[in-house]
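Engineer: from the sequence below, what's the structure:
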Amino acid sequence: MKINQRTKKKLIIAACAAAAVIVMVFAWRGVRGLFRGETDTSAGVEYIKKEESGDISAIEAKIDLLEKQDAGEGDERSIKEKFSGAVVVGDSITQGFTEYDVLNASSVAAEIGVHLTQMEGLIAKVKELSPGIIFLALGSNDVMATNGDTEKFISQYQELINQFQKEVPDAHIFVNAIFPVQDKAIEKEPELKDIAEYNSALKELCDSKTIGFIDNTEIVSEEYFEQDGVHFKASFYPIWAERMAEVASL
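Structural biologist: This is a model prediction of the structure:
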């Protein structure tokens, strides 16, 4: 659990209070010494001061270490290692993970041009891989196929999720938002202009089923698009993978 600033201050104050009690004990012993004869307590007080400073420094060091661990610092695992127990399921966009060697083949189940109603082969592959986490990255082809009918799209997506939950019941499912496209892609396929509306409906579905929804809009920029305005260059895939890993705590 991440230690916030208030907790950190409380720990340091507690350490100081403990040190103060010890100093009082030594002082009391010094007073008693007045009745027995002179007692030099300077060495003891100096020792306590030294120990007090050391204890606080040690506590602060430990807190800093815990905060760094909580923030994921020092995690030197590769992207492939992080996804060793996960599978990303999708279409030609998802296929880029293996084409650019960002993820191992065992972490990707993708098919060019696949629709939500054509997932039998991919479901079988995922079932065989038996992952602990499934990332769904579908919908681009279905936006065009359903031609603005978001209710039909959501019905198909819900049925797909139900199938995965039935075939791989122990897996946690996360749904990626449909990626935005460039204007030139919309000029070619006008139906793609409704992607934001489809994503809104998809998020509502995920909320109703208590499934994680990953909005990737903020990580997409013009520099990552291929010439068709739909697919992505190799440089985008590590960013997308890290985004999924962050949300799923891989």
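Engineer: in this structure, which spans are helices?
Structural biologist: For the chain, the helices defined by DSSP state H cover 5-36, 42-70, 79-82, 92-99, 120-129, 140-146, 150-167, 183-188, 195-208, 236-248.
Engineer: how close does the closest residue to Lys127 other than its chain neighbours get to Lys80?
Structural biologist: Spatial nearest neighbour of Lys127, excluding adjacent residues (C-beta to C-beta, 6 or more residues apart in numbering): Glu167 at 4.7 Å. From N, CA and C alone the C-beta is placed, and that goes for glycine too. Glu167 sits 25 Å away from Lys80, going by C-beta to C-beta, to the nearest Å.
Engineer: next: Ala248.
Structural biologist: 15 Å.
Engineer: higher neighbour count, these two?
Structural biologist: Higher neighbour count among Ala248 and Lys80: Ala248, with 18 against 15, using other C-beta atoms under 10 Å.
Engineer: these two touch, right, the more buried one and Ile173?
Structural biologist: No - distance between Ala248 and Ile173: 10.1 Å, which falls outside the contact criterion (C-beta atoms under 8 Å).
Engineer: common neighbours of those two, please.
Structural biologist: Taking C-beta atoms under 8 Å, 6 or more residues apart in numbering as the contact rule, Ala248 and Ile173 both touch 133, 212.
Engineer: got the contact list for the residue nearest to Lys127?
Structural biologist: Shown in contact with Glu167 (C-beta under 8 Å, 6+ apart): 123, 126-127.
Engineer: residue ranges in this protein under the pLDDT threshold?
Structural biologist: For the chain, the stretches with pLDDT under 70 are 1-74.
Engineer: list the contacts of Leu129.
Structural biologist: With contact set as C-beta under 8 Å, 6+ apart, Leu129 has these partners: 87, 106, 109.
Engineer: just the buried subset of these, written out for ChimeraX, thanks.
Structural biologist: A single ChimeraX command is used to select the members of the contacts of Leu129 judged buried by 16 or more other C-beta atoms under 10 Å:
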select :87,106,109
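Engineer: which ones among the contacts of Leu129 lie within strands?
Structural biologist: Members of the contacts of Leu129 lying in strands (criterion: DSSP state E): 87, 109.
Engineer: which one of the contacts of Leu129 is nearest to Pro131?
Structural biologist: Nearest to Pro131 out of the contacts of Leu129 is Val87 (C-beta to C-beta; 4.3 Å).
Engineer: got the contact list for the residue nearest to that closest one when sequence neighbours are not counted?
Structural biologist: Distance criterion C-beta to C-beta, 6+ apart; nearest residue to Val87, sequence neighbours excluded, is Pro131 at 4.3 Å. Pro131 is in contact with 85-87, 107, 168, 171, counting by C-beta under 8 Å, 6+ apart.
Engineer: ok, 10 Å please
Structural biologist: 83-89, 106-107, 109, 168, 170-172 (C-beta atoms under 10 Å, 6 or more residues apart in numbering).
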